[in-house]
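Undergrad: One predicted model, sequence on top.
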Amino acid sequence: MTRLPSVDWEPSCEPLERVDVLGIPVHLAADYGLWLRQRAAQSLGTHVVTLNSEMTIQALEVAELGQIIRKADLVVPDGAGITLYLRFLGRGNYHAPGIELVESLLATCGDWPVFFLGGAPGVADQAVAYWQRRRPDLVVTGTQHGYLNPELEAELERRLQALQPCIILVALGVPRQEVWIRDHRHLCPQAIWIGVGGSFDIWAGRKTRAPRWMRKLYLEWAYRLYKEPWRWRRMLALPLFAWRALVPALLGRIPAPKPPTRS
Ligand code: UDP
C-alpha cells in the first residue's frame, strides 16, 4: 500500500480508553483523526463505527450489530446523545461526527488510495467529484454503488482484493454497512474501513446537513426528522436512549466505572 509521506504526526498509536454506553463501547481520544492516521501508517487494519443513540438502541435489539460494534477497533461518539452521556458521566467533551471525521481524514491522507462504496447509482461518483474539486490530488481508486446483486458483489470483492485501497468508505446505512465491513474486511486487512451512512448523499449535494446552529444545540436529529419524516419510527430510539442512558447518567445512577479498559 502507498504510505503517507508528509503528514506531521508521531507514528505511535496508543490504545484508547473505552466507556460503555448501555453495554456498547465508545472510545475516548483527544484526536480521532490523528489516531486513525497513526493506525494506517502502521498498516493496522481498522474498522471504525460512528456511534449515535439510535444505533446504540438498535445494537441492543439486534445482537449481531452489538457484537460487531464491540469488536470494532474504533467507536467514535458521532451523535449528540453519546456526547451528552459522556458529559453527564463527567468524562469530558467528546464529539466526532462521522462525516467530519472522514472529511478530516480525506483532507490529510496524502496519496493513500480511497475507495467509495455505497449510495444509489451515481451518488458515489458525484461524491468523488465533490472531493476532486476540494482536493484535486486525492487518489480515488474506485467507486461502486450500494445496490449490489450477487454478480456485482463478486466483482467488487475481486476489485477490492486487487486494489488494496488504504481507506474504504462504506455508505450502505446502519446496520448493513457494519455487517458488510465485518464480512469483507479480510479482503483488505490493512485498510481503514468506515461505515459512513448518508455522507455520500451530502457530498453529492442530494441531501444537506443541519445548519451549524442546530448542530451546536444538538438538534441535528430534529433537522433529519423534518427532512425525512419517514424516519420517525427509527427515531423513537432517541427518547428511549434518553430514558435509559441520559436520565440515569444525569442523576448519577450509572454505576461507578471499573478501572479503564483499553483496546
Ligand atoms: N444504501 C445503499 N444500499 C442499500 C441501502 C442503502 O447503498 O442497500 C445507501 C443509501 O442510498 C444511502 C445510505 O445507504 O446513501 C444510507 O444513508 P442513511 O442516511 O439512511 O444512513 P444511516 O442513517 O443508516 O446512517
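TA: Nice, thanks for sending it over. On a predicted model such as this, the values are computed, not experimentally measured, just so you know.
Undergrad: Which part of the stretch 1-150 of the chain gets nearest to the ligand, residue-wise?
TA: In the stretch 1-150 of the chain, the residue that lies nearest the ligand is G146 (2.0 Å; C-beta to the nearest ligand atom). C-beta coordinates here come from the backbone N, C-alpha and C atoms, glycine included.
Undergrad: Please name the bridge partners of the residue nearest to that residue when sequence neighbours are not counted.
TA: Excluding the flanking residues, the one nearest G146 by C-beta to C-beta, 6 or more residues apart in numbering is G118, at 3.6 Å. Beta bridges link G118 to A171 when assigned by DSSP bridges.
Undergrad: From the contact counts, what lies against the longest helix seen in the chain?
TA: For the chain, the longest helix by residue count, based on DSSP state H, is helix 150-163. Counting contacts by 3 or more C-beta pairs under 8 Å, 6 or more residues apart in numbering; DSSP states H and E, helix 150-163 packs against strand 114-118, strand 140-144.
Undergrad: A helix includes L36, no?
TA: Yes. Per DSSP: H, G, I helix; E, B strand; the rest coil, L36 lies within a helix segment.
Undergrad: I'd guessed it sits against L74; true?
TA: Yes. The pair L36 and L74 qualifies as a contact (C-beta atoms under 8 Å) at a distance of 6.8 Å.
Undergrad: Those two: which is more packed in?
TA: L36 (27 against 22; other C-beta atoms under 10 Å).
Undergrad: which residues of the protein score low on pLDDT?
TA: The chain contains residues with pLDDT under 70 at 1-12, 255-263.
Undergrad: hang on, the earlier thing: strand 114-118 and the longest helix of the chain, what's the angle between them?
TA: On the basis of axes from the mean of the first three to the mean of the last three C-alpha atoms, to 10 degrees, helix 150-163 is oriented at 170 degrees to strand 114-118.
Undergrad: and helix 150-163, is it in reach of the ligand?
TA: No. Helix 150-163 does not reach the ligand (C-beta under 6 Å from any ligand atom); its nearest approach is 11.2 Å.
Undergrad: Show me what that helix is in contact with.
TA: Residues from elsewhere that reach helix 150-163 (C-beta atoms under 8 Å, 6 or more residues apart in numbering): P113, F115, L117, T141, G142, Q144, L148, I168, H184, L187, C188.
Undergrad: and the nearest residue to R185 once chain neighbours are set aside, helix, strand or coil?
TA: Counting by C-beta to C-beta, 6+ apart, R185 lies nearest to W193, which is 5.3 Å off, once chain neighbours are set aside. Three-state assignment for W193 (three-state DSSP): strand.
Undergrad: before we move on, back to that, quick check: neighbours shared by L36 and L74?
TA: T46, V48.
Undergrad: Please confirm that H27 is located within a strand.
TA: Yes. Assigned with three-state DSSP, H27 falls within a strand.
Undergrad: related to what we said a few turns ago, generate CSV for the helices and strands packed on helix 150-163, with distance to F200 and mean neighbour count as supplementary columns.
TA: CSV is the format used below for the helices and strands packed on helix 150-163 (distance: least, C-beta to C-beta, whole Å; neighbours: other C-beta atoms under 10 Å):
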stretch, distance to F200, mean neighbour count
strand 114-118, 6, 26
strand 140-144, 9, 20
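Undergrad: Name the residue closest to the centre of this structure, please.
TA: With the centre of the chain defined as its mean C-alpha position, the nearest residue by C-alpha atoms, centre = their mean is T50, 3.3 Å away.
Undergrad: Quick check: which element contains A40?
TA: Using DSSP states H and E, A40 maps to helix 32-41.
Undergrad: Does anything pack onto that helix? Which helices or strands?
TA: Helices and strands touching helix 32-41, as assessed by 3+ C-beta pairs under 8 Å, 6+ apart, comprise strand 46-51, strand 74-77, helix 98-108, strand 192-195.
Undergrad: Let's see that with 6 Å instead.
TA: Packing partners of helix 32-41 (3 or more C-beta pairs under 6 Å, 6 or more residues apart in numbering; DSSP states H and E): helix 98-108.
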